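K.L.:
Following is a predicted model, sequence given first.
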Number of protein chains: 2
Amino acid sequence: MTEYNASPRRGRPRSFDADEVMQQVQEAFWKGGFEGTSIGDLTGATGLNRPSLYGAFGDKHALYLQALQQYREAMHAAGRQILEDAPTLRTALEDVYRAAIRIYTDDEEARGCFVSSTAPPEAMRDTSVRRELAATNDGLDEIFEARIARAQAEGEVCTALPPDDAGRIASAMLHSLSVRARAGASKRALHALAQSAVDLLAKAPESGSDPGNSEAG
Amino acid sequence: MTEYNASPRRGRPRSFDADEVMQQVQEAFWKGGFEGTSIGDLTGATGLNRPSLYGAFGDKHALYLQALQQYREAMHAAGRQILEDAPTLRTALEDVYRAAIRIYTDDEEARGCFVSSTAPPEAMRDTSVRRELAATNDGLDEIFEARIARAQAEGEVCTALPPDDAGRIASAMLHSLSVRARAGASKRALHALAQSAVDLLAKAPESGSDPGNSEAG
DNA sequence: GTATTTTCATACCCATCGTTACAATAATGG
DNA sequence: CCATTATTGTAACGATGGGTATGAAAATAC
């Protein structure tokens, strides 16, 4: 993914794996948010000392931005993968929401989504965070839209709602799952909400009126 | 609402209106979040000095909690009012979302919802904030549920989705509108998303199968 | 007017914040 | 083996954080 380990040939080599450290940084920010996580928290979570952190990644702000970016790329890749692999839109949405809920409630902790749980308070004063938040949302919208467009083209679901609108509603459910998970909602409640959304978004087409072409593409 | 102005009869009277100050405190936290807002920011926003703030409301944490509580009560009351006043579920949802978008993008600022934009990062380490966040969500779910149940009873909309599930989806849209507004989404985009949700949630019943009783209740 | 009670304003406390000098360490290039 | 280059650990920097002591100010109670 990112290229921290670009093998500097001269000088003392690093005693840590940069990607692994970034993962630990992300988890620390995930728990406490940007302002609520101190450099001391980060050194504690990573085992690195301050100069090593600064030398490898930059200051606290750069560290947080890279964590946001890394999470966005990983989430988008995983979401796209899950959606494409599923044979139907219904199972695709079910799989994606199941994976999301697992992450949002990992270790029985009420974590929610890293981006939508920690970026919003900073987004108003920090335009780079706001851009990251917007990129995360927009990308997710498009990923859902693509899968829904495919399902509509295949005639699996009704075409009452355009794919872009339906995609935004699909990702809207992730926003809600995240904030509810962070509020401590049970997995059962989250799954129930997700299932309701799936039933709305993966409704079969009106029989007889719109035949579709289930083999094309 | 709250009873800060309980008129102490003895001693020097306060030189400020407590409710008005709490409103300014809320706006300050709204912009910067809990950790991102300093006591200095609060004294600047309110015009009060530190001892006056502490004497009237308690420490920073108590101040934030009261702001959350005040916002929740005001939002729930306004939401209930708007929903009940509208003649149909469709217009009810349209009115509520329109009001929400106006607040979330007030003064051309990307504010989002105060609670869901600032509470999540604190909710994981602060159980009282988490409870407030959960109370805000749960209350909103119930408010939507009640209005949807009424619409179903009146035969306005189809009963495919139970009112509690539909209510949770209706409030889920507010979660998404909030995070998107905070990310800088345009009012046009927010209204489009809201309209899609309304179309899904306020769908007319299948004609002929379930007549309903439009005069009962 | 005097005592009492509460609020207001200034100034300060200590802890913690993010960030960085500085020197020791550990690798490579010749 | 020596010079070079980058990373590591310690320790400190100035700034700012939340919270409060203290005395002046402004009202009521008698």
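P.N.:
All right, it came through fine. Model, not experiment: these values are computed from the prediction. Numbering: from 1, shown residues only, chains lettered A, B, ... in the order given.

K.L.:
For A:G11, the count of nearby residues, please.
P.N.:
6 (other Cβ atoms under 10 Å in any protein chain shown). In short, each C-beta sits where N, CA and C put it, glycine included.

K.L.:
and what of the one 3 residues further on?
P.N.:
Burial of A:R14, expressed as a neighbour count using other Cβ under 10 Å, amounts to 16.

K.L.:
Could you check the helix or strand hosting A:D141 against chain B for contacts?
P.N.:
In the assignment (DSSP states H and E), A:D141 maps to helix A:127-153. Yes: using Cβ under 8 Å from any Cβ of the partner chain, helix A:127-153 reaches chain B at A:R130, A:L133, A:A134, A:N137.

K.L.:
For the last one, list the residues it contacts.
P.N.:
In other words, A:N137. A:S171, B:V179, B:R180, B:A183, B:A185 (Cβ atoms under 8 Å, 6 or more residues apart in numbering or on different chains).

K.L.:
now swap in the second one and tell me
P.N.:
For A:L133, the contacting residues are A:L68, A:V115, A:S116, A:A119, A:P120, A:A123, B:V179, B:R182, B:A183, by Cβ under 8 Å, 6+ apart.

K.L.:
What's the per-residue pLDDT of the closest residue to A:L161 other than its chain neighbours here?
P.N.:
Sequence neighbours aside, B:S196 is the residue nearest to A:L161 in space, at 6.2 Å (criterion: Cβ to Cβ, 6 or more residues apart in numbering or on different chains). On the pLDDT scale, B:S196 is placed at 98.

K.L.:
Which residues does the helix or strand where B:S196 lies contact?
P.N.:
Using DSSP H and E, B:S196 sits in helix B:187-201. For helix B:187-201, the surrounding residues in contact (Cβ under 8 Å, 6+ apart) are A:160-161, A:165-166, A:168-169, A:172, A:200, B:89-90, B:93-94, B:97-98, B:101, B:104-105, B:148, B:157, B:166, B:169-170, B:173, B:176-177, B:180-181.

K.L.:
could you flag which of these are buried?
P.N.:
Among these, those buried by neighbour count (16 or more other Cβ atoms under 10 Å in any protein chain shown) are A:161, A:165-166, A:168-169, A:172, A:200, B:89-90, B:93-94, B:97, B:101, B:104-105, B:148, B:157, B:166, B:169-170, B:173, B:176-177, B:180-181.

K.L.:
Distance check, the closest residue to A:E132 other than its chain neighbours against B:N49.
P.N.:
Closest residue in space to A:E132, ignoring its immediate chain neighbours: A:L68 at 4.5 Å, by Cβ to Cβ, 6+ apart. In this view, A:L68 and B:N49 are 37 Å apart by Cβ to Cβ, to the nearest Å.

K.L.:
who's more crowded, these two?
P.N.:
Set side by side, A:L68 and B:N49 show unequal neighbour counts under other Cβ under 10 Å, the larger going to A:L68 at 25 against 10.

K.L.:
Do I have it right that the more buried one meets A:V115?
P.N.:
Yes: using Cβ atoms under 8 Å, A:L68 makes contact with A:V115 at a distance of 6.0 Å.

K.L.:
what residues are shared contacts of these two?
P.N.:
Counting by Cβ under 8 Å, 6+ apart, the common neighbours of A:L68 and A:V115 are A:E132, A:L133, A:T136.

K.L.:
so which of those comes closest to B:R12?
P.N.:
Proximity of the shared contacts of A:L68 and A:V115 to B:R12 (Cβ to Cβ) peaks at A:L133, which lies at 46.6 Å.

K.L.:
related to what we said a few turns ago, so the following helix or strand past the helix holding A:D141 versus helix B:163-182, what angle?
P.N.:
Scanning forward in sequence from helix A:127-153 by DSSP H and E, the next helix or strand is helix A:163-182. Orientation of helix A:163-182 against helix B:163-182 (axes from the mean of the first three to the mean of the last three Cα atoms, to 10 degrees) gives an angle of 100 degrees.

K.L.:
could I get helix A:163-182 in PDB with only the CA atoms?
P.N.:
Only the C-alpha atoms of helix A:163-182 are listed here, as PDB (Å, rounded to 0.1, in the frame of the first residue of the first chain):
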ATOM      1  CA  PRO A 163     -28.300   3.700  -8.800                       C
ATOM      2  CA  ASP A 164     -26.600   6.900  -7.600                       C
ATOM      3  CA  ASP A 165     -29.400   7.700  -5.200                       C
ATOM      4  CA  ALA A 166     -29.600   4.100  -4.000                       C
ATOM      5  CA  GLY A 167     -25.900   4.000  -3.500                       C
ATOM      6  CA  ARG A 168     -26.000   7.100  -1.300                       C
ATOM      7  CA  ILE A 169     -28.700   5.500   0.800                       C
ATOM      8  CA  ALA A 170     -26.600   2.300   1.100                       C
ATOM      9  CA  SER A 171     -23.600   4.200   2.400                       C
ATOM     10  CA  ALA A 172     -25.900   6.300   4.600                       C
ATOM     11  CA  MET A 173     -26.700   3.100   6.400                       C
ATOM     12  CA  LEU A 174     -23.000   2.700   7.200                       C
ATOM     13  CA  HIS A 175     -22.900   6.200   8.700                       C
ATOM     14  CA  SER A 176     -25.800   5.200  10.900                       C
ATOM     15  CA  LEU A 177     -24.400   1.800  11.800                       C
ATOM     16  CA  SER A 178     -21.200   3.600  12.900                       C
ATOM     17  CA  VAL A 179     -22.700   6.200  15.100                       C
ATOM     18  CA  ARG A 180     -25.000   3.600  16.700                       C
ATOM     19  CA  ALA A 181     -22.100   1.200  17.300                       C
ATOM     20  CA  ARG A 182     -20.200   4.000  18.900                       C
END
